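*Asks:* give me coordinates for this.
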Amino acid sequence: MIRVLVVDDDFMVARIHQRFVERTDGFEIAGTAGTGADALSAVAELRPDLVLLDVHLPDMDGIEVLRALRASGHEVGVIMVTAERDADVVRAALLGGAQQYLVKPFEYPELADRLRAVAKSIRSLHTESEPDQSAIDRAFGGGPGGPAPLAKGLSAETAASVLAALEGAGEVSGAEAAELIGLSRVSARRYLEHFVSTGRATVRLRYGTAGRPERRYLLD
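*Replies:* All right, here's what the predicted structure looks like:
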């Protein structure tokens, strides 16, 4: 079983997330915390496998909690679960070692998908002392056959950065991906469309009040 710590300062929201975790096979609640300090204490005491971590906490923000966990040597998996969509925060979560970033509000299947993805990464290396490349790819979210060949003009390093940003944010537009990674919008969109063509991502259209609908990219 994957033991999960839920960290949110809103009691009712924490209860909802707790019920979502309990509905998911292979997961159980290790505990809950309503502040950053309590979260750090709970991780040290309860040793959960995974933390659902809000950004907005009353004493310190979730990014500070994430950094404190890593600085203390805790290898616990972290899913940021927050209404915060600021690109700097998403980037800080990604670079700080969060495995997923899920924007509130969301439905149960969205959280369940991310729980299972992180669990797959956690479990993939537990049975092997010297994993081969395919096992490492699975741990980092790749398929067993490795990534699909890149189109001419695309680099593997940038593709990995775009995919990491997409995995961290859960859903991005071309403009959002460009800002996260420091690319032009045209370049970011080329990489995102590559992932769509190879089955790694899907597109949904978001219609506004005027102009063409915005293309939103999601992990498949």
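
*Asks:* packing partners for the lengthiest helix in the chain?
*Replies:* Ranked by residue count and defined by DSSP state H, the top helix of the chain is helix 108-124. Contact here means 3 or more Cβ pairs under 8 Å, 6 or more residues apart in numbering; DSSP states H and E; on that basis helix 108-124 packs against strand 2-7, helix 11-23, strand 50-53, strand 77-82, strand 100-103, helix 133-139. In short, each C-beta sits where N, CA and C put it, glycine included.

*Asks:* got the buried residues for the longest one?
*Replies:* Looking back up the chat, that one is helix 11-23. 13-14, 16-18, 20-21 (16 or more other Cβ atoms under 10 Å).

*Asks:* okay, now R67: neighbour count?
*Replies:* Using other Cβ atoms under 10 Å, R67 has 16 neighbouring residues.

*Asks:* and it, what helix or strand is that in?
*Replies:* helix 62-71 (DSSP states H and E).

*Asks:* between that helix and strand 2-7, how many degrees?
*Replies:* 140 degrees (axes from the mean of the first three to the mean of the last three Cα atoms, to 10 degrees).

*Asks:* what's the spacing between helix 62-71 and its chain's center?
*Replies:* Going by Cα atoms, centre = their mean, to the nearest Å, the spacing between the C-alpha centre of helix 62-71 and its chain's C-alpha centre is 15 Å.

*Asks:* now do it: which elements does it pack against?
*Replies:* helix 36-46, strand 50-53, strand 77-82, helix 87-96.

*Asks:* let me see the mean pLDDT of the longest one.
*Replies:* What it means is helix 36-46. Helix 36-46 shows a mean pLDDT of 97.

*Asks:* just the shortest one next, same as before
*Replies:* Per-residue pLDDT values over strand 50-53 give a mean of 96.

*Asks:* that strand: partners in the sheet, and parallel or antiparallel?
*Replies:* strand 2-7 (parallel), strand 77-82 (parallel) (DSSP bridges).

*Asks:* where does the first one sit relative to the chain's centre, distance-wise?
*Replies:* Here the centre of mass of C-alpha atoms in strand 2-7, compared against the chain's by Cα atoms, centre = their mean, lies 15 Å away.

*Asks:* give the contact list for the residue lying closest to L57 once chain neighbours are set aside.
*Replies:* Among residues not flanking L57 along the chain, G36 sits closest, at 4.7 Å (Cβ to Cβ, 6 or more residues apart in numbering). Contacts here follow Cβ atoms under 8 Å, 6 or more residues apart in numbering; on that basis G36 touches 7, 57, 59-62, 64-65, 68.

*Asks:* could I have the PyMOL command that selects the buried members from the residues you listed?
*Replies:* Listed next is the PyMOL selection for buried residues among the contacts of G36, using 16+ other Cβ under 10 Å:
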select buried, resi 7+57+61+62+64+65+68
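
*Asks:* list just the nearest of the contacts of G36 to A30.
*Replies:* V7 (11.1 Å; Cβ to Cβ).

*Asks:* wait, that closest one touches L52, no?
*Replies:* Yes: in terms of Cβ atoms under 8 Å, V7 counts as a neighbour of L52; the distance is 6.4 Å.

*Asks:* distance of the residue nearest to H74 when sequence neighbours are not counted from Y191?
*Replies:* Leaving aside its sequence neighbours, H74 sits nearest to V43 (Cβ to Cβ, 6+ apart; 5.7 Å). Using Cβ to Cβ, to the nearest Å, V43 is found at 35 Å from Y191.
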